[in-house]
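Trainee: Pasting the sequence and the predicted coordinates here, then a few questions.
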Amino acid sequence: MRWNRKRRRDSGFHWLNEYTLRYYERTGLVASPPRSESNYRLYPQETVRRVQFIKRAQELGFSLKEIIELLALRATPETPCADVRTRALDKITAIEEKIRVLHAMKNALVQLVEECSGQGEITDCPILAQVSRCARHLLLTLWGYPHRCFSFVVS
């Protein structure tokens, strides 16, 4: 079955923004589809499945660059499953690092909120004062260079 814009709702493609689909076409993630006599794009079912794969991989945290690599692996039958597993394990490690950074950021914010009574003038706000003093050190801390300005270190 072929799919065109008029039948998008019936195809399982209703959730996809048409600009996203055009971007995928421009970048080569999906092939440009043939067109009908009235110039509508006619997407083969394989394209629908490919886009679903792309969106599911994005939901798991893979970037488009990583998805292109996964698609290339998938298209090579002699590729061992271990190659895909390694990429998934690498993604898990990256996600765990992001979680560590987010926890450290949360802890720093909790500490700042505990130091602020919420009373007084905005010019006396301890949260804004601390952020103003230490903003340049935050990125260094998040990148693993210890700095005690926000009293946290990502470990």
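Mentor: That came through, no problem. Numbering: from 1, shown residues only.
Trainee: Now do the contacts for the residue most central in space within the chain.
Mentor: In the chain, the C-alpha nearest the mean C-alpha coordinate belongs to residue 61, at 5.2 Å (CA atoms, centre = their mean). With contact taken as CB atoms under 8 Å, 6 or more residues apart in numbering, residue 61 is in contact with 91, 94, 95. Quick note: C-beta positions are derived from backbone N, CA and C, even for glycine.
Trainee: Pull out the buried members of those residues.
Mentor: The neighbour-count test (16 or more other CB atoms under 10 Å) marks residue 91 as buried among these.
Trainee: With pLDDT, distance to residue 26 and secondary structure added, can I get the contacts of residue 61 in CSV?
Mentor: Rendered in CSV, the data for the contacts of residue 61 read as follows (pLDDT from 0 to 100; distance: CB to CB, whole Å; DSSP: H, G, I helix; E, B strand; the rest coil):
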residue, pLDDT, distance to residue 26, secondary structure
91, 97, 25, helix
94, 95, 27, helix
95, 96, 29, helix
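Trainee: Return the member of the contacts of residue 61 nearest to residue 19.
Mentor: Nearest to residue 19, judged by CB to CB, of the contacts of residue 61 is residue 91 at 26.3 Å.
Trainee: can you give me phi and psi for residue 39?
Mentor: phi 70, psi 20 (degrees, to the nearest 10).
Trainee: Tell me the spacing between it and residue 126.
Mentor: Applying CB to CB, to the nearest Å, the value for residue 39 to residue 126 is 62 Å.
Trainee: Contact partners for residue 35?
Mentor: 41, 42.
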